[in-house]
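Visitor: Mind looking at a prediction? Sequence and model below.
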Amino acid sequence: MEARSRNLPVLAPPMFDKENYQAWAVKMQAYMEGCDYWEAVEDDYEVAALPDNLTLNQIKNHKEMKTRKAKAKAYLYAAVPPAIFSRIMVCESTKTIWDFLKAEYQGDEMIKSMKVLNLVREFERLQMKESETIKEYSTKLIVIANKERMLGTDLSDNRLVQKILVSLPERYEATIASLENTRDLSQIKLAELVRALQAPEQRRSRRLKGSVEDALRAKVQHSSEGKEKKWKGKKGSDSKSEVAAGCRKQRRKIFSMQALCWLVDSGYTNHMTSDKKLFRNLDKSIKLRVRIGNGEYLAVEGRGTVAMKSCAGIKLISDVMYVPEID
């Protein structure tokens, strides 16, 4: 086992670039602990002189303690740029070096308080953009929280959950309403909330992807039809053109039918319909409220899968809300 560890590559210590001292200090301490040299920095023990009548074990321990202190100092020297090295090279011990860097770059309590205040302001002002995903937005909040924690201020996961819930765009309202009816939001974990909010994002992404693919197919079909007409002119009847024309008529029919009771939601969380007959299956236990374009809230009496007839066959649309009050 010992022979194998000697063959493992030794990682270089994390470099300090005069910026973000707190993050570097955490990395450097973890590095020293992993190499078993942190004791030489933290305790700054003295290596006693060797007594007479030494045993082999005493000689070995004495050598290990001296080597540990020397390597700890060498790693600190290697982790700083030349400008900083010229200032710490006169320090006698590793603890003196560590304390100098802490005092020089972390600052006193007043400076730490100002840094914490700036991070709190950044945290409170941050709002989720329309172009962002919930994963990207939550990552920004976690980065700020970790910076505060390194400065000694604890920002709990519960506070992050509250921040996310009050700063989300309107497209997440249906999902939040569902969570309010089924979960205790004061007890929900951050990772669990992020997963729950990712589900409507993924459904929306699939719908948008499908719309793009349909548009591309229609464009290719239109281009092919134009080429056929160019070669065949008006001679006779072209069965392929007739089929394409029939598909286009059918597609127009799909989006025009049920005009008074079918709302296609291309940018938000769910489709909605007031026609109960369209549902292939319907879960009536879902009871929510949704806000429509005019700001009015309507009651949701269930959610299920709707079957629509198209030129390609029966089209199933999942996660459709049953809202009887849609005009």
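Guide: Nice, thanks for sending it over.

Visitor: Need the pLDDT of P13.
Guide: Confidence at P13, expressed as pLDDT, is 89.

Visitor: Report the contact partners of the residue positioned nearest the centre of the chain.
Guide: When C-alpha atoms, centre = their mean is applied to the chain, the residue found nearest the centroid is K135 (2.5 Å). For K135, the contact set (C-beta atoms under 8 Å, 6 or more residues apart in numbering) comprises 194, 198. Bear in mind the C-beta positions are built from the backbone N, C-alpha and C, glycine included.

Visitor: Quick one: distance of stretch 118-130 to the chain centre.
Guide: Here the centre of stretch 118-130 is set off from its chain's centre by 16 Å, with C-alpha atoms, centre = their mean, to the nearest Å.

Visitor: residues in contact with that stretch?
Guide: By C-beta under 8 Å, 6+ apart, the residues outside stretch 118-130 that reach it are 134, 137, 140-141, 144-145, 147-148, 151, 155, 163-164, 167-169.

Visitor: let's go with 7 Å and repeat that
Guide: Stretch 118-130 is contacted by residues 137, 140-141, 144, 147-148, 167-169 when judged by C-beta atoms under 7 Å, 6 or more residues apart in numbering.

Visitor: tell me the average confidence for that stretch?
Guide: So the average pLDDT for stretch 118-130 ends up being 90.

Visitor: What residues of that stretch count as buried?
Guide: 119, 123, 128 (16 or more other C-beta atoms under 10 Å).

Visitor: Throw those residues into JSON lines and include distance to H62 and secondary structure, thanks.
Guide: Formatted as JSON lines, those follow (distance: C-beta to C-beta, whole Å; DSSP: H, G, I helix; E, B strand; the rest coil):
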{"residue": "L119", "distance to H62": "47", "secondary structure": "helix"}
{"residue": "F123", "distance to H62": "51", "secondary structure": "helix"}
{"residue": "M128", "distance to H62": "60", "secondary structure": "coil"}
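
Visitor: before we move on, the earlier item: in which helix or strand does the residue nearest to the centre of the chain reside?
Guide: Using DSSP states H and E, K135 maps to helix 134-150.

Visitor: Okay, buried residues for that helix please.
Guide: Residues of helix 134-150 classed as buried by neighbour count (16+ other C-beta under 10 Å): 134, 137-138, 141, 144-145, 147-148, 150.

Visitor: Please identify which of the contacts of stretch 118-130 is nearest to K284.
Guide: Closest approach between those and K284, by C-beta to C-beta: L168, at 27.4 Å.

Visitor: Next, count neighbours for that closest one.
Guide: Neighbours of L168 under the rule other C-beta atoms under 10 Å: 17.

Visitor: who's in contact with it?
Guide: Contacts of L168 (C-beta under 7 Å, 6+ apart): 128, 176.

Visitor: And it, what's its pLDDT?
Guide: Predicted confidence (pLDDT) for L168: 88.

Visitor: What about it? Give its phi and psi, please.
Guide: Backbone torsions of L168, given as degrees, to the nearest 10, read phi -80, psi 150.

Visitor: any idea how far it is from T305?
Guide: 27 Å (C-beta to C-beta, to the nearest Å).

Visitor: Where does pLDDT dip in the protein?
Guide: Flagging of the chain using pLDDT under 70 yields the residue ranges 1-10, 47-48, 50-52, 108-109, 205, 207-270, 293-295, 310-313, 327.
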